[in-house]
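In: Below are the sequence and a predicted model for it; my questions follow.
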Amino acid sequence: MTLLQANSTDDRLRGLRNWQREAFEEYFRREPRDFLAVATPGAGKTTFALTLASELLARRTVRAVTVVCPTEHLKKQWAEAAARFNIPLDPDFKNGQGALGRHFIGAAVTYAQVAAHPMLHRNRTEARRTLVIFDEIHHAGDALSWGDAVREAFDPAARRLCLTGTPFRSDTNPIPFVDYVQDHTGVRRCSWDYSYGYAPALADGVVRPVIFLAYSGEMRWRTRAGEELAARLGDPLTSDALSQAWRAALDPKGDWIKRVLAAADRRLTEVRKHTPDAGGLVIASDHDNARAYARILRQITGRGATVVLSDDPTASRKITQFAESDDRWMVAVKMVSEGVDVPRLMVGVYATSTSTPLFFAQAVGRFVRVRRRGEIASVFLPSIPVLLEYASEMERERDHVLDKPVREDGGFDPEQELVNEARKKRDTPDAGDELPFETMESAAEFDRAVYDGGEIGGGEPDEEEFLGLPGLLEPDQVAVLLRKRRQERAAQRTEPQQRQRPEHEVVAELRRELNGLVGAWHHRTGQPHATIHTRLRNVCGGPPVAQATAEQLRQRIARLRAWAVGEE
């Protein structure tokens with residue numbers, strides 16, 4: 001490297017975050033053909049990738065750049081970012097035009113565009129030494145045909161840089177150009193070259209902390225067969241009952257979503273007292289719900305919300321306009337779940353029935369892009385066990401597992417496979433546009449707050465206090481306050497009761513405590529929740545949790561605590 005090149009490199013590195021500089025140096029220490037960088041949403045993967053591309057172009061290691069990304073909007077976002085690095089990319093390149101304009105160094109394309117004509121992109125790649133940047137490379141595993149097309153199109157590339165914020169999948173399609181390492185159980189997991197997770201990013205002040213506000217409530221609905229059913233979010237339910245209660249909560253005709261949207265808007269009002277341009281995002285399950293939620297927000301705020309739908313040709317323009325405005329709310333289905341950079345989003349409502357860890361992590365990632373010290377993101381969500389698990393385990397690393405689930409002894413685990421298959425069916429985004437029932441009633445109650453890996457149960461008296469937290473307190477002060485509240489609650493549980501509490505209140509509290517412990521044991525052992533509950537019933541006796549008495553629930557709680565400390 002010449003002295004001039006060294007000075008130019010120093011200029012490119014100036015202003016980078018520590019992790020970006022470390023990843024850059026790790027890359028040029030080895031200069032591999034393939035490099036996988038894992039960085040939590042909001043950490044700055046785009047800046048890292050374009051700095052790397054600028055250096056490779058300056059060294060004449062490559063002569064062209066292709067960016068492959070999930071959506072049309074991201075093509076424009078990448079092109080705008082690349083322009084700041086003097087890398088002209090064409091975001092409007094179409095397969096039909098064949099050749100790229102001479103004034104462009106490269107193009108931004110989508111995975112679907114590549115899958116439609118892989119040989120065209122292979123020819124482009126072979127024509128000039130090309131760096132291919134795969135934005136959210138896990139999308140290449142969405143379908144076997146996509147993976148095959150990506151491999152065919154970009155196998156001749158001189159260099160390939162793979163980026164992802166969530167390196168895990170719920171299926172078994174291998175991701176192209178990603179190495180897999182077999183662990184002691186025989187499962188192959190993706191191997192990355194550099195990783196920067198949410199926990200270190202939070203410690204470095206690169207991302208915002210997130211407080212989750214979960215709402216439970218009673219739901220009643222009528223099936224197509226005319227049967228009337230009822231359930232409470234947060235209680236142990238069968239998968240069918242949970243799915244239907246969840247959908248009833250999200251039904252715009254019910255009161256649950258109206259109450260939660262009103263609470264989220266109150267939170268946004270508090271935040272905007274200190275951050276006047278702060279915005280909110282509602283992530284909806286389908287187009288009809290998105291439009292209905294926008295109407296509800298207009299009733300609440302007196303102002304319209306920006307509605308972004310996947311089939312709207314003006315979607316990208318709407319997102320850009322919202323990002324540059326100080327409007328309060330945007331409502332979207334999937335357009336803003338991944339990669340879209342709107343740093344002023346600080347309040348979110350998770351109003352979708354999608355519950356895959358990938359979608360949840362990417363959705364929450366829309367709210368963690370930090371702008372200034374002391375910001376806290378807030379996400380409102382239904383009190384669904386799997387969502388609460390994701391919320392409390394945001395700092396846990398997840399791998400892309402290529403093989404089938406196995407037992408600890410290395411054998412195939414059919415029970416876990418059935419659980420996975422059931423989740424896939426339930427977690428399909430926007431599955432079933434028509435509800436399989438008629439919502440009769442849905443009521444929302446503040447259930448708990450989840451923050452900094454811990455949670456505290458709520459109840460009506462606590463809701464307003466939690467809604468006023470962000471903007472008034474620093475993140476570390478919020479953590480201290482919640483720890484203090486948990487200690488106070490624990491002390492109250494040990495004090496003699498001043499009044500005889502109704503049996504249903506006692507049972508409901510014990511159910512929540514038991515479910516929380518079961519969730520913790522699930523994360524510790526990997527055992528499915530249903531297996532843990534069955535084991536407790538076998539040991540302690542008694543009926544399922546929904547029919548268990550307070551004493552039976554206390555016995556199961558005590559037994560599970562004994563397991564946790566190794567007394568059994």
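Out: Yep, it's here.
In: What strands line up against the top strand by length along the chain, and which way round?
Out: Ranked by number of residues, the top strand in the chain under DSSP state E is strand 210-223. In the sheet, strand 210-223 lines up against strand 228-233 (antiparallel), strand 377-382 (parallel), strand 437-442 (antiparallel), strand 445-451 (antiparallel) (DSSP bridges).
In: What residues sit buried inside that strand?
Out: Under the neighbour-count criterion of 16 or more other Cβ atoms under 10 Å, strand 210-223 has Val210, Ile211, Phe212, Leu213, Ala214, Tyr215, Ser216, Gly217, Glu218, Met219, Arg220, Trp221 buried. (Each C-beta comes from the backbone N, C-alpha and C, glycine too.)
In: Is the last one bridged to anything, and to what?
Out: Per DSSP bridges, the residues bridged to Trp221 are Leu229, Thr439.
In: hmm, back to that, most neighbours per residue, which of the strands paired with strand 210-223?
Out: strand 377-382 (a mean of 26; mean count of other Cβ atoms under 10 Å).
In: what is the rounded mean pLDDT of that one?
Out: Here strand 377-382 scores 94 as its mean pLDDT.
In: What is the subsequent helix or strand relative to it?
Out: Downstream of strand 377-382, the next assigned helix or strand under DSSP states H and E is helix 385-392.
In: Check what contacts that next one and list those residues.
Out: 210, 212, 214, 350, 355, 357, 360-361, 379, 381, 448, 450, 453-455, 515, 519, 522-523, 529 (Cβ atoms under 8 Å, 6 or more residues apart in numbering).
In: where does the chain dip in pLDDT?
Out: Applying pLDDT under 70 to the chain flags the ranges 1-7, 142-143, 166-173, 183-187, 335-340, 395-437, 453-500, 564-568.
In: Kindly report the domain assignment for it.
Out: Domain assignment for the chain by automatic domain parsing gives 3-196, 210-487, 502-564.
In: Quick one: closest of those domains to Leu202.
Out: domain 210-487 (7.7 Å; Cβ to Cβ).
In: Confirm for me that Arg159 is in contact with Arg33.
Out: Yes. Arg159 lies in contact with Arg33 (Cβ atoms under 8 Å); the separation is 6.0 Å.
In: Out of the domains of the chain, the one nearest Asp204 is which?
Out: Taking the domains of the chain one by one with Cβ to Cβ, domain 3-196 is closest: 6.8 Å.
In: so can I have TSV of the domains of the chain showing distance to Asp204?
Out: What follows is those, written out as TSV (distance: least, Cβ to Cβ, whole Å):
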stretch	distance to Asp204
domain 3-196	7
domain 210-487	10
domain 502-564	25
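In: Looking at those domains, spot the one closest to Ala203.
Out: Shortest distance between Ala203 and the domains of the chain, using Cβ to Cβ, is found for domain 210-487: 10.1 Å.
In: would TSV of the strands paired with strand 210-223 with distance to Met330 be doable?
Out: Listed next are the strands paired with strand 210-223 as TSV, based on distance: least, Cβ to Cβ, whole Å:
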stretch	distance to Met330
strand 228-233	25
strand 377-382	15
strand 437-442	24
strand 445-451	24
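In: so which of those strands comes closest to Ala562?
Out: strand 445-451 (24.7 Å).
In: quick one, longest helix in this structure?
Out: Of all the segments of type helix in the chain, defined by DSSP state H, the longest one is helix 503-525.
In: give me the number of residues near the nearest residue to Ile87 once chain neighbours are set aside?
Out: Spatial nearest neighbour of Ile87, chain neighbours left out: Ile105 (5.6 Å); criterion: Cβ to Cβ, 6 or more residues apart in numbering. Number of residues near Ile105 (other Cβ atoms under 10 Å) recorded here: 21.
In: and what of Leu131?
Out: Residues near Leu131, counting by other Cβ under 10 Å, number 24.
In: Could you confirm it falls within a strand?
Out: Yes. Counting by DSSP: H, G, I helix; E, B strand; the rest coil, Leu131 is found in a strand.
In: Please name the residues that touch it.
Out: Contact analysis of Leu131 by Cβ under 8 Å, 6+ apart lists 53, 56-57, 61-62, 64-66, 157-161.
In: ChimeraX command for the buried members of those?
Out: Here is the ChimeraX command that selects the buried residues among the contacts of Leu131 (16+ other Cβ under 10 Å):
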select :53,56,57,62,64,65,66,157,158,159,160,161
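In: Let me know the closest of the contacts of Leu131 to Arg501.
Out: When the contacts of Leu131 are ranked by distance to Arg501 (Cβ to Cβ), Leu161 comes first, at 59.2 Å.
In: Neighbours of the residue lying closest to that closest one once chain neighbours are set aside, how many?
Out: Leaving aside its sequence neighbours, Leu161 sits nearest to Ile133 (Cβ to Cβ, 6+ apart; 4.9 Å). If you count neighbours by other Cβ under 10 Å, Ile133 ends up with 26.
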